[in-house]
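Enquirer: Predicted coordinates and the sequence they were generated for:
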Amino acid sequence: MIPAFRRGLLGCVLAAALSAACTPETDGSGGLDPPASGSLVVTVEGLPPGAGASVAVSSAQGYQRNVAGTETLSNLPLGSYAVAALEVVIDGDRYVPAPASQTVAVTPGTAVAVHVAYVLVTARLQLTLEGIPAGGSVTLQLNGPGGYSHSLAGSELLTGLTPGTYQLQTPAVSFNGDQYQALPELRDIVIAAPGSAPVVATVSYALASGRLVVAVSGVPAGANAAIQVTGPGFDRLLTRTDTLTGLLPGSYTLSASALSAGGNSYAPAPASVSVVVSASLIPAAAQVDYLLASGALQVTAGGIPAGSNANITVSGPNGFSQPLSGSQLLTNLAPGNYTVAAGSVLSGGQLYVPAPAQQSILVSAALTPELVAVSYSQALGSLTVTVSGLPAGTSASITVSGPGGYAMALSGSQTVTGLVAGLYSIASGAVSSGGVSYSAQPAVQSVTLSAGGNAAANVVYAATSGTLVVGIS
């Protein structure tokens, strides 16, 4: 630095060269030196302690100096200076200078004061998220003034926010099938004014759904149950034991339908049940048991010739009636009393009759069938042969022949039983008694025997030759 008295002398020399008078200024050493510089006092306020401002001091003569806080700039050349202050961001908060720019003149021997005041123009928001189950996740959406948009997945401190009204979207969360909600799902958050103290908003999620365990038993292997579950916003068909999650709290109705499997019917018990589901991880419970609701009847028909059909009718509860043409297993029968009625069968001209003709049997709900037997047998008729015209004690000579090679000899009047239906021939041979010959006219006759019926034939003998004995008295 040039001493004050030397500066004065230098000034005189320069002044003399310009033909100007100069009288040196007297300093403490007795010399004379006019002032040729000044100072600028820059005062910065409004920023947090330790925070740096952004102030630039410059002049047209090329002077440049950045100022980060309150500072005195000394030995400045005289002239005009521009002081420009820029916005600063500190810990996410925006501070705006006022004024942003100003011009001052540095004069000799004077400390010019410049004041820069920073003003906080933004706010903070502390969003606290709670109630999300461990392992669960959610994405909240915050929208606000000036097109502001920010997504967050947890608690977060938001800075640099423009004051105004913000909309926070809090969608439902699904975790392990359960629903969690923070109501309302769209809320307004008002940030009234700038400040470094955050506005606090807490988003609390809570369990909003329940569970329902539907236990199903008694369904045969390979078959499916049919249980309709309905409730608030819910409608689903269940075919087996299941746990329903994410259910809105309320009353649920289970409607179960009967099922058929393997020729048997199964009925649900109960067929309908209501259960209340609450918002809880502990499930409500409902039980549906399928029970056998039908029986079976094995009808066995025997004694009928091959190729012929039986004549059987089975009738029972609920108007059930079914004709049978032979042995048959009837399944899926409603429990109750059944009547098995059998009628005669005509086959090959022969009549077959059932035994018993009618029987009653109780069918219970069981997998093992009840047993009924109907035995058919051929209906047999009879033939009555009446012999006359022979002396007492004389045997006739009659042969009865018929279907299937049937033959039987008769010596007198007789009823022949156990005969199948058909055409029978009665042949009468001549006989002798007491020297007299007897013959039947006609010698051969035929009769038709109906199935299970009775037929009759008369054989009348008459003498055809012999000895005449005349008695004289």
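Expert: Perfect, thanks for sending it.

Enquirer: Where does the closest residue to G231 other than its chain neighbours sit, in terms of helix or strand?
Expert: The spatially closest residue to G231, leaving aside those adjacent along the chain, is Y252, at 3.6 Å (C-beta to C-beta, 6 or more residues apart in numbering). Bear in mind the C-beta positions are built from the backbone N, C-alpha and C, glycine included. Counting by DSSP states H and E, the element that carries Y252 is strand 250-256.

Enquirer: partners of that strand in the sheet?
Expert: Partners of strand 250-256 in the sheet, by DSSP bridges, are strand 227-231 (antiparallel), strand 272-277 (antiparallel).

Enquirer: among the ones you listed, which is nearest L76?
Expert: Smallest distance to L76 across these (C-beta to C-beta): 81.6 Å, for strand 272-277.

Enquirer: What's the first helix or strand after the closest one?
Expert: strand 284-292.

Enquirer: Give me the buried positions along that next one.
Expert: A284, A286, V288, Y290, L292 (16 or more other C-beta atoms under 10 Å).

Enquirer: For S278, state which of the residues you listed is nearest.
Expert: Nearest to S278 out of these is A284 (C-beta to C-beta; 7.2 Å).

Enquirer: got a list of what that closest one touches?
Expert: G210, R211, L212, V213, Y252, V275, V276, V277, S278 (C-beta atoms under 8 Å, 6 or more residues apart in numbering).

Enquirer: ok, N332 - how many residues close by?
Expert: Counted with other C-beta atoms under 10 Å, residues neighbouring N332 total 14.

Enquirer: what helix or strand is it on?
Expert: Going by DSSP H and E, N332 is in strand 328-333.

Enquirer: try S74
Expert: In this assignment (DSSP H and E), S74 forms part of strand 71-77.

Enquirer: related to what we said a few turns ago, show me just the buried residues among the contacts of A284.
Expert: Here, 16+ other C-beta under 10 Å leaves G210, R211, L212, Y252, V275, V277 buried among these.

Enquirer: From A221, how far out is A117?
Expert: Going from A117 to A221 by C-beta to C-beta, to the nearest Å gives 86 Å.

Enquirer: out of these two, which sits in the busier spot?
Expert: A117 (15 against 6).

Enquirer: pretty sure that one is touching V42, no?
Expert: No: A117 lies out of contact with V42 (C-beta atoms under 8 Å); the separation is 11.9 Å.

Enquirer: quick revisit: tell me which other helices or strands the next helix or strand along the chain from the strand holding S74 touches.
Expert: Sequence-wise, the next helix or strand downstream of strand 71-77 (DSSP H and E) is strand 79-85. Secondary-structure packing of strand 79-85 (3 or more C-beta pairs under 8 Å, 6 or more residues apart in numbering; DSSP states H and E): strand 55-59, strand 101-106, strand 111-120.

Enquirer: Among the buried residues of strand 284-292, which one lies nearest to T159?
Expert: Relative to T159, and with distances defined as C-beta to C-beta, the nearest of the buried residues of strand 284-292 is A284, at 46.8 Å.
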